[in-house]
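Asks: no FASTA, just this:
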Ligand SMILES: [Ca+2]
Ligand SMILES: [Ca+2]
């Protein structure tokens, strides 16, 4: 079902140029991410307006899964049966990414003042569909890119959810990363499967995404990583 590679879309996703600003955190392959306190939420989405074709239940969890969906406020790269989602509880959808599956925000938000730190917070989990395409530790990740109005990448972050379980439940974990604004204009998030192969696995699932200004205002040198 996901064997086709959509190379044009892959190229579109990798052609963008622009400097990659520092991103504070490196997350562990086991998904052991730090949590960052955030200030007032400037953007958020719980993805519950997702509307797709629900045709199966997820391996192990038995949760409803869907493909070919649309999401208000977001544009998708059409390919690889995007957009996939899992229904965590009735009406509570989380997005899943495999192959060229990519979504990006339609409208930029004012979270890019030069030198200011912003927190992108979300919940994430390993993902699978009917089985056999489960996220793997150390290999599969979801990439978040912060794009300015020229589609230059202000910041990029990979989240590695770990192995999709073989039994039990598949809990979501809270995670976040910090980026430092560069003053290049309102930004949009682009989210996609960072590791695409001809026999693909899901990069993971995400839910409850938000952007807020970091409460420390960017004064914490340790969290700012290599940004000077
Ligand atoms: Ca949700
Ligand atoms: Ca993948």
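Replies: Right, received. Where do you want to start? This structure is a prediction, so every number in the text was calculated from the model and none was measured. Residues are numbered from 1 along each chain as shown. Ligands and ions are numbered 1, 2, ... in the order given.

Asks: now the longest strand along the chain: mean pLDDT?
Replies: Scanning the chain for the longest strand, with DSSP state E as the assignment, gives strand 204-214. Averaging pLDDT along strand 204-214 gives 97.

Asks: Please give the element, helix or strand, for residue 161.
Replies: Using DSSP states H and E, residue 161 maps to neither a helix nor a strand.

Asks: Retrieve the pLDDT associated with it.
Replies: Reported pLDDT for residue 161: 97.

Asks: need the contact list for it.
Replies: With contact set as Cβ atoms under 8 Å, 6 or more residues apart in numbering, residue 161 has these partners: 31, 124-127, 135, 140-142, 173, 203-205. In short, each C-beta sits where N, CA and C put it, glycine included.

Asks: redo that, cut-off 6 Å
Replies: Taking Cβ atoms under 6 Å, 6 or more residues apart in numbering as the criterion, residue 161 is in contact with 31, 124-126, 135, 204.

Asks: Residue 170 touches residue 124, doesn't it?
Replies: No - Residue 170 lies out of contact with residue 124 (Cβ atoms under 6 Å); the separation is 10.9 Å.

Asks: export the contacts of residue 161 to TSV and tack on secondary structure?
Replies: Converted to TSV, the contacts of residue 161 look like this (DSSP: H, G, I helix; E, B strand; the rest coil):
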residue	secondary structure
31	coil
124	strand
125	strand
126	coil
135	coil
204	strand
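
Asks: Compare those and tell me which is most surrounded.
Replies: Neighbour counts for those (other Cβ atoms under 10 Å) peak at residue 135, which has 31 neighbours.

Asks: And the pLDDT at the residue nearest to that one when sequence neighbours are not counted?
Replies: Excluding the flanking residues, the one nearest residue 135 by Cβ to Cβ, 6 or more residues apart in numbering is residue 126, at 3.7 Å. For residue 126, the pLDDT comes out at 98.
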